[in-house]
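Engineer: fold the following for me, if possible:
(one chain, ligands or ions: 1)
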Amino acid sequence: MIEAHQLTKRYGEKTAVDGLDFTVRPGAVTGFLGPNGAGKSTTMRMIVGLDAPTSGSVRVNGRRYAEHAAPLQEVGALLEAKSIHPGRSAFNHLMAQAHTHGIPRRRVDEVIELTGLQSVARKRAGAFSLGMGQRLGIAAALLGDPATVMLDEPVNGLDPEGVLWIRNLLTSLAAEGRTVFVSSHLMSEVSLVADHLIIVGRGKLLADTTVQELVQQAGGDVVKVASADPSRLRSLLAGPGVEITGRTGSEELLVTGRTAREIGLTAAEHGIAVFELTPRTVSLEEAFMDLTRDAVEYHGTTTTTESTETTRSAA
Ligand SMILES: Nc1ncnc2c1ncn2[C@@H]1O[C@H](COP(=O)(O)OP(=O)(O)OP(=O)(O)O)[C@@H](O)[C@H]1O
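Structural biologist: Numbers count the residues shown, from 1 in each chain. Coordinates of the predicted model:
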């Protein structure tokens, strides 16, 4: 369990983390999302005591990191890939850590197997590919068999096989009842593994939600319907919780709050010919971008110039 309370970090004039309140619970994967520079890495460094909060606090499994007698057994973290002595073998790197923390050699063998490093464990870590380096970092994070596992951008630069491996690992760690906290700036990646989402922008909490709720908030599922009589269909479909958008003069309507089946049946009942009926799920990426738009530091330029008219009925 990770509990942040009004967690704040300033570097001079810059507020990197701004009054964050959140709880990361055991038994689930929680995604920590935000655009570049949102404060994710700074937050994670404070969780493991590598940076001190300017104000506020963060606790892991009920205590501040420094208050734990055996912190490696409480929280395992992958914060920066390849922060390893390049001349040392993977095995020796893990053994050195195990020694200093009173962890038996058996556990070193276990994490080497768990991360699929058996064949390269005796090779110099300096010669490792990015993927192997990530696996070694994860092996080190899991060494203390910690109840809380925290990974900063673990899939960065990995090939598809490595990405899949990390996804499966995160899911199984959560299934074992651990607290799993994983950061990314890619919604598409996190949504595949995370049950819960904590979204930040410019150091502030933007959402503490689930994938499903986020889609709902972003307008839920939309159905596109093209018909012979859009204005009649529009009034037939109107009702509580229904939103209908359509360009003037177009035969297409975008409907939220009615299923494709309901729309098809209504059209058939009233003899309105339908040319197209397409359910469209709001992409998570769109929902995420909507939420973080104001928090992104550097924007590209895009413009939309469609004129639309909206029928919205009160829920
Ligand atoms: N040691 C530091 N000194 C000064 N500013 C810092 C320091 N560390 C981070 N920052 C600033 O704080 C903000 C948050 O940075 P942080 O690395 O935590 O963001 P992030 O969400 O992890 O971003 P990314 O996805 O790019 O890694 C950024 O504007 C960054 O420039």
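
Engineer: list the helices and strands the lengthiest helix in the chain packs on?
Structural biologist: Scanning the chain for the helix with the most residues, using DSSP state H, yields helix 160-175. Applying 3 or more C-beta pairs under 8 Å, 6 or more residues apart in numbering; DSSP states H and E, we find helix 160-175 packed against strand 28-33, helix 130-142, strand 148-152, strand 179-184. The C-beta positions use only the backbone N, C-alpha and C, and glycine is treated the same way.

Engineer: give me the phi and psi for Arg124.
Structural biologist: The phi/psi pair for Arg124 (degrees, to the nearest 10) reads phi -60, psi 130.

Engineer: can you offset everything so residue one is 599?
Structural biologist: Let's use 599 as the start, then, which means that last one is Arg722.

Engineer: contacts only, for the closest residue to the ligand within the stretch 649-798 of the chain.
Structural biologist: Closest contact between the stretch 649-798 of the chain and the ligand, by C-beta to the nearest ligand atom, is at His783 (4.7 Å). Applying C-beta atoms under 8 Å, 6 or more residues apart in numbering, we find His783 in contact with 631-634, 636, 638, 751.

Engineer: if we use 6 Å, what do you get?
Structural biologist: 633-634 (C-beta atoms under 6 Å, 6 or more residues apart in numbering).

Engineer: just Pro651 next, same as before
Structural biologist: 605, 607, 644.

Engineer: quick one, helices of the stretch 599-748 of the chain?
Structural biologist: If DSSP state H, counting those that start in this stretch is used as the criterion, the helices of the stretch 599-748 of the chain fall at 638-645, 688-698, 703-712, 728-740.

Engineer: now those helices as JSON lines including distance to the ligand, mean pLDDT and mean neighbour count?
Structural biologist: Below are the helices of the stretch 599-748 of the chain laid out as JSON lines (distance: least, C-beta to the nearest ligand atom, whole Å; pLDDT from 0 to 100; neighbours: other C-beta atoms under 10 Å):
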{"stretch": "helix 638-645", "distance to the ligand": "3", "mean pLDDT": "96", "mean neighbour count": "23"}
{"stretch": "helix 688-698", "distance to the ligand": "24", "mean pLDDT": "91", "mean neighbour count": "18"}
{"stretch": "helix 703-712", "distance to the ligand": "26", "mean pLDDT": "95", "mean neighbour count": "16"}
{"stretch": "helix 728-740", "distance to the ligand": "15", "mean pLDDT": "90", "mean neighbour count": "22"}
